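Trainee: Pasting the sequence and the predicted model now:
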Amino acid sequence: MRHPKWPLKRSGNVSNRILDEIERLDPERDHQRIVFLSTCFDFPFDTTRALEFALFRTFAVPSIAALLDRTGEFRHRVQKRYDDTDIIVSEMLEWGYDSARGRAALERMNFIHGHFKIANRDFLYVLSTFVYEPIRWNARFGWRPMIEAEKLALFHFWRAVGARMGIQDLPGDYAAFEQFNRDYEQRHFRRTEGGVRTGGATRALFAGWFPRPFRPLVRLSMHALMDDATLAAFAFPPPPPAARRLVIGAMELRKRLLRLLPERRKPRLRTAMRHRSYPQAYRIDQIGPPHLTGKN
């Protein structure tokens, strides 16, 4: 089935066509379309990696880490916890939060969150990372820089999702939300036992996707892409300066090589991919911890 948002015609360089279309759209009114084009055509890999590191940053907040550690999901079902988050976010990014699929994912997320006591300020912070971490990743490693419309569309997209989550005190403009994000990290980032366990389990998950001989290199690469505050929050060792330069250099090379690749003719949809926790297919009612899915 054709995705309802796929462009119907393809000619010329797709990245130019995608950017041309984005430039014709309004970042507030058309933010769902812009986010789809940007994340699924031009920056699919970058969006996924940026959101993975965004989740890492949330674990450095003691109240968030304590809740995640208390549920035991990261000790016993870390792969499913990752897949569930990936699926819900991807359903909204790829199909739109107001589509039937997007609404179902959003409702499922609200249902799960409703069973836990989560502070409004923590909801706000997590939401802010979904806006600004992809933008910051792009500034470092994007094969082309995001234009202002893409940045504003991410803000309006996740702000609209936040409103549908019932989050209070959502900042009204891009700059104010970014300032909240930075201030919150400065006030709250610190090392806790729950954060160390949650961060360590997530690092082990990512490294475990690779053959055993490569896992030390994967961990080192992850450390090289983290800032000092994040490393300290998880008690991860700072990488040697030479290793950091090597990893950053490899990402710079990747960025240059991507400019030479052929056009992407179809969107890369994570909702169409096989997830490790759901080798056949997933249903939205399977998302969440066992006591909320009927599988105890």
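Mentor: Done, it's in. This structure is a prediction, so every number in the text was calculated from the model and none was measured.
Trainee: So L205 versus R215, what's the distance?
Mentor: L205 is 11 Å from R215, where distance means C-beta to C-beta, to the nearest Å. Quick note: C-beta positions are derived from backbone N, CA and C, even for glycine.
Trainee: mind listing what's buried in stretch 145-158?
Mentor: By neighbour count on 16 or more other C-beta atoms under 10 Å, the buried set for stretch 145-158 is M146, A149, E150, K151, L152, A153, L154, F155, H156, F157, W158.
Trainee: To clarify, my last question referred to stretch 284-295.
Mentor: Result for stretch 284-295 [16+ other C-beta under 10 Å]: buried residues I284, Q286, I287, G288, P289, L292.
Trainee: correct me, but the second one touches T293?
Mentor: Think Q286. Yes - if you go by C-beta atoms under 8 Å, Q286 and T293 touch, sitting 5.6 Å apart.
Trainee: if we can go back for a sec, need the buried residues of stretch 284-295 in TSV with secondary structure, distance to R136 and pLDDT, can you?
Mentor: What follows is the buried residues of stretch 284-295, written out as TSV (DSSP: H, G, I helix; E, B strand; the rest coil; distance: C-beta to C-beta, whole Å; pLDDT from 0 to 100):
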residue	secondary structure	distance to R136	pLDDT
I284	helix	30	95
Q286	helix	33	94
I287	coil	28	95
G288	coil	29	92
P289	coil	31	89
L292	helix	33	80
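Trainee: and which of those residues is nearest R274?
Mentor: Using C-beta to C-beta, Q286 comes nearest to R274 of these, at 14.3 Å.
Trainee: dump the residue contacts of the closest one.
Mentor: Q286 makes contacts with Y278, T293, as judged by C-beta atoms under 8 Å, 6 or more residues apart in numbering.
Trainee: Would you map the helices across the stretch 51-200 of the chain?
Mentor: For the stretch 51-200 of the chain, helices defined by DSSP state H, counting those that start in this stretch occupy the ranges 62-71, 73-76, 78-95, 100-113, 120-141, 148-164, 174-188, 193-208.
Trainee: between those, which gets nearest to R264?
Mentor: helix 78-95 (14.3 Å).
Trainee: In the closest one, which residues are buried?
Mentor: Buried residues in helix 78-95 (16+ other C-beta under 10 Å): 78, 80-84, 86-95.
Trainee: between that helix and helix 120-141, how many degrees?
Mentor: 80 degrees (axes from the mean of the first three to the mean of the last three C-alpha atoms, to 10 degrees).
Trainee: What residues of stretch 105-121 count as buried?
Mentor: Across stretch 105-121, burial judged by 16+ other C-beta under 10 Å covers A105, L106, R108, M109, I112, R121.
Trainee: Could you tell me how far the fourth one is located from Y184?
Mentor: Meaning M109. For M109 relative to Y184 (C-beta to C-beta), the value is 21 Å.
Trainee: Equivalent analysis for the fifth one, please.
Mentor: When C-beta to C-beta is applied, the distance between I112 and Y184 equals 23 Å.
Trainee: Output the below-cut-off pLDDT ranges for this structure.
Mentor: Flagging of the chain using pLDDT under 70 yields the residue ranges 1-15, 294-296.
Trainee: quick one: which helix or strand includes the residue nearest to A60 when sequence neighbours are not counted?
Mentor: Computed as C-beta to C-beta, 6 or more residues apart in numbering, the closest residue to A60 that is not its neighbour in sequence is A233, at 3.6 Å. Using DSSP states H and E, A233 maps to helix 228-234.
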